[in-house]
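> what's the 3D shape of this:
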Amino acid sequence: MPITRVKKESIVGDLQDKIGKSKAVLFARFHGLSVAKVTGLRRAFRKEDADYTVAKKTLIRVAFRESGKDLSIDLPGEVAVVSGYGDELSIFRTASTFAKKEKDAFEIVGGYFEGQFVDAKTAKALGAIPGREALYSQLMSVILGNTRKLVFVLDQLAKKKS
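Numbers count the residues shown, from 1 in each chain. As a prediction, the model looks like this:
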């Protein structure tokens, strides 16, 4: 049964609103996912302050065009749009983690990040960047490691002199 014009306008308006509010947008192909897995994925995105929406590609293109952004990447197959409102990279990390588990059924096909469209390879690379807490942890590890080495060297010098 075809979608009515009123319903299409509603979908485009909803997508346009989400695109306008979002800091980053991710596009994913989701063919063959079970309802339970999609529900779990939606929950994971909600925890990251993001929305997972499925719509026709033509409606997605119209929503982007009306938002002032021309959708320049090719969207193959069935496409879901993930709009992130919090941490820009969190949606890419969540999608990358899920894509590793569901290799055949879920694939990242691109995104919109920092005012420009990115291809699938770049979107996957964005998903590999650790979170803020992990980066702080890595930085502290480097700082403490070098401090330990300095203390060890100073200790050895003190023992040598005495």
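
> Can you list the low-confidence ranges for the protein?
Within the chain, the ranges that satisfy pLDDT under 70 run 1.

> could you pull out the strands for this protein?
24-29, 50-54, 79-84, 107-113, 116-119 (DSSP state E).

> which residues touch the spatially most central residue of the chain?
Centrality entry for the chain: nearest residue to the mean C-alpha point is Phe92, 1.9 Å, by CA atoms, centre = their mean. The contact partners of Phe92, taken as CB atoms under 8 Å, 6 or more residues apart in numbering, are 24, 26, 108, 111, 113, 123-124, 126-127, 129. The C-beta positions use only the backbone N, C-alpha and C, and glycine is treated the same way.

> for the protein, which helix is longest?
Taking DSSP state H as the criterion, the chain has its longest helix at helix 132-161.

> Output the contacting helices and strands for that helix.
Where contact means 3 or more CB pairs under 8 Å, 6 or more residues apart in numbering; DSSP states H and E, helix 132-161 is not packed against any helix or strand.

> Renumber starting at 14 from here on
Fine by me, first position is 14 from now on; the one you just mentioned is helix 145-174.

> can you give me the offset of it from its chain's centre?
Distance, stretch centre to chain centre, for helix 145-174: 35 Å (CA atoms, centre = their mean, to the nearest Å).

> Name the residues of it that are buried.
Of the residues in helix 145-174, none count as buried by neighbour count, 16 or more other CB atoms under 10 Å.

> Can you measure across stretch 119-132, start residue to end residue?
With CA to CA, to the nearest Å applied, stretch 119-132 spans 16 Å between its terminal residues.

> Let's have the contacts of Phe105 in CSV, adding distance to Leu167 and neighbour count.
Listed next are those as CSV, based on distance: CB to CB, whole Å; neighbours: other CB atoms under 10 Å:
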residue, distance to Leu167, neighbour count
Ala37, 46, 23
Leu39, 50, 28
Ile121, 49, 24
Gly124, 49, 28
Phe126, 46, 20
Ala136, 47, 27
Lys137, 45, 19
Leu139, 42, 22
Gly140, 42, 22
Ile142, 36, 12
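
> And these, which is closest to Leu28?
Set against Leu28, the nearest of the contacts of Phe105 by CB to CB is Leu39 (13.6 Å).

> Do I have it right that the closest one meets Ile104?
Yes - at 5.1 Å, Leu39 counts as touching Ile104 under the criterion of CB atoms under 8 Å.

> mind putting the strands of the chain in JSON lines, distance to Val164 included?
Below are the strands of the chain laid out as JSON lines (distance: least, CB to CB, whole Å):
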{"stretch": "strand 37-42", "distance to Val164": "42"}
{"stretch": "strand 63-67", "distance to Val164": "44"}
{"stretch": "strand 92-97", "distance to Val164": "43"}
{"stretch": "strand 120-126", "distance to Val164": "42"}
{"stretch": "strand 129-132", "distance to Val164": "44"}
